[in-house]
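K.L.:
Would you be able to build a 3D model of this:
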Amino acid sequence: MNIGAVGTFVVRKKVSDATLRTAIAKKLPFKCEIMIVPSKVVLDLARKNLFVRQPSGADITRFVSVLHKRPPKSPALPMSLPSERDWLLRIVAIPNRFVIGIYRRQMKAIGYLGKIEKILGVPATTRSWNTLEKIFKVLETKQ
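P.N.:
Alright, predicted model coming up:
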């Protein structure tokens, strides 16, 4: 099932990661990292209150980046870019293979999202928290 964002799917059939990865890769005209996360791990993430004490509002977007694998090291958190005072992106938690954060709705913030991979040293794909909420709903109805 396609969940709105490009390349975001919920697979309802039991299939091994290797089989799924191969099937997706065959459909793509380019090489890329394919992030596969078990439904239980996604649902466990949904149950955590990861944005507690974080600013919110129309100018703030909550996001999650899914990492290809656990990062070899995690930075001190929270991490604010470009600075604590003038932040455009703030990483608030790194549970397992997820990076949880917020960013201001400004063009410069997109550049900082791209730095997540460089900071952590592993490939990542980023989605808004709204996309993850859609996935949570699909997975909960599946249970």
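
K.L.:
Next, the distance between the ends of stretch 76-96.
P.N.:
End-to-end span of stretch 76-96 (CA to CA, to the nearest Å): 15 Å.

K.L.:
Stretch 44-62 too?
P.N.:
17 Å.

K.L.:
Rounded mean pLDDT for that stretch, please.
P.N.:
Mean pLDDT, stretch 44-62: 92.

K.L.:
can you pull the buried residues of it?
P.N.:
Of all the residues in stretch 44-62, those buried under the rule 16 or more other CB atoms under 10 Å are 45-46, 50-51, 61-62. Using the backbone N, CA and C atoms, a C-beta is placed for each residue, glycine as well.

K.L.:
Return the member of those residues nearest to Glu84.
P.N.:
Phe51 (18.0 Å; CB to CB).

K.L.:
thinking the closest one is in contact with Ile100, fair?
P.N.:
Yes: between Phe51 and Ile100 a contact is recorded at 7.5 Å, counting by CB atoms under 8 Å.

K.L.:
So for those two, which residues contact both of them?
P.N.:
Val92 (CB atoms under 8 Å, 6 or more residues apart in numbering).

K.L.:
which strands and helices sit next to the helix or strand hosting Ile91?
P.N.:
Taking DSSP states H and E as the criterion, the element that holds Ile91 is strand 89-93. Counting contacts by 3 or more CB pairs under 8 Å, 6 or more residues apart in numbering; DSSP states H and E, strand 89-93 is packed against strand 79-81, strand 98-104, helix 107-113.
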